[in-house]
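K.L.:
take a look and give me a structure for this.
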Amino acid sequence: MIAYRIDRRSGVATYLQIVQQTKQALRLGLLEPGDRLPTAREVVEATAINPNTVLKAYRELEREGLAEGRRGLGTFIKGTLGRGTADSALRAELAAWADRARAEGLDQEDVTALFTSVVEERFKGDDA
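P.N.:
Numbers count the residues shown, from 1 in each chain. So this is what the prediction gives:
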C-alpha cells in the first residue's frame, strides 16, 4: 500500500501531492488495478491533514479514471499509467547516474534541474 508524504513547503496543494504520488506509483508499477488506496482516516493519521483533502484527491483520481470508490469498501485503483517498473533496468541505470551526480557534488535541486532539462530536450514535440 502507498504511504503518502506531504511536503508543506513545496508550494503544491496537498491534494495535488496525493494525486501526483499516486500517479507516480502507477507509472512505476507500485500500484496496479485492484489495489486499495489507504482510507482517508489512514492518510489523516499518517500525515495530519484534513480528511476532506484526501477525499478531494481521491475524487480527482476518480475523475481521471484512475480510481473508483466502492461504498463501504474504500477506493481502489482502476486504471494504470506508463510502462515502467520499480525494479527495471532503466531505473537501476538512473539510480547509478544519480549516485554519480551526487558524488560529483550536485545536490537534489541541481540533479532535478539537469534531469528535467534533458527530458524536455529529448521529448520536445512528442505527443505521448
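
K.L.:
only C-alpha atoms for contact and neighbour calcs from this point on.
P.N.:
Noted.

K.L.:
so what's Ala101 up against?
P.N.:
Val111 (C-alpha atoms under 8 Å, 6 or more residues apart in numbering).

K.L.:
again, only this time at 10 Å
P.N.:
If a contact means C-alpha atoms under 10 Å, 6 or more residues apart in numbering, then Ala101 has 95, 107-108, 110-111, 114 as its contacts.

K.L.:
how about the helices in this structure?
P.N.:
14-27, 40-47, 51-63, 89-103, 108-122 (DSSP state H).

K.L.:
can you tell me what sits against the second one?
P.N.:
Contacts to helix 40-47, defined as C-alpha under 10 Å, 6+ apart, come from residues 2-7, 18, 37-39, 48-55, 57-58, 74-75.

K.L.:
and the angle from that helix to helix 51-63?
P.N.:
120 degrees (axes from the mean of the first three to the mean of the last three C-alpha atoms, to 10 degrees).

K.L.:
quick one: low-confidence parts of the protein?
P.N.:
83-87, 127-128 (pLDDT under 70).

K.L.:
any idea which residue sits dead centre in it?
P.N.:
In the chain, the centroid-proximal residue (C-alpha atoms, centre = their mean) is Gln21; its distance is 2.2 Å.

K.L.:
so what's Ala25 closest to, chain neighbours aside?
P.N.:
The spatial neighbour of Ala25 that comes closest, neighbours along the chain excluded (C-alpha to C-alpha, 6 or more residues apart in numbering), is Leu31 at 5.5 Å.

K.L.:
dump the residue contacts of that neighbour.
P.N.:
1-2, 22-25, 37, 76-81, 85.

K.L.:
mind putting the helices of the chain in a markdown table, distance to Arg70 included?
P.N.:
A markdown table is the format used below for the helices of the chain (distance: least, C-alpha to C-alpha, whole Å):
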| stretch | distance to Arg70 |
| --- | --- |
| helix 14-27 | 18 |
| helix 40-47 | 13 |
| helix 51-63 | 11 |
| helix 89-103 | 34 |
| helix 108-122 | 37 |
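
K.L.:
Gly65 and Glu32, how far apart?
P.N.:
Gly65 is 13 Å from Glu32, where distance means C-alpha to C-alpha, to the nearest Å.

K.L.:
find the residues that touch each one of the two.
P.N.:
With C-alpha under 10 Å, 6+ apart as the test, Gly65 and Glu32 both reach 77-80.
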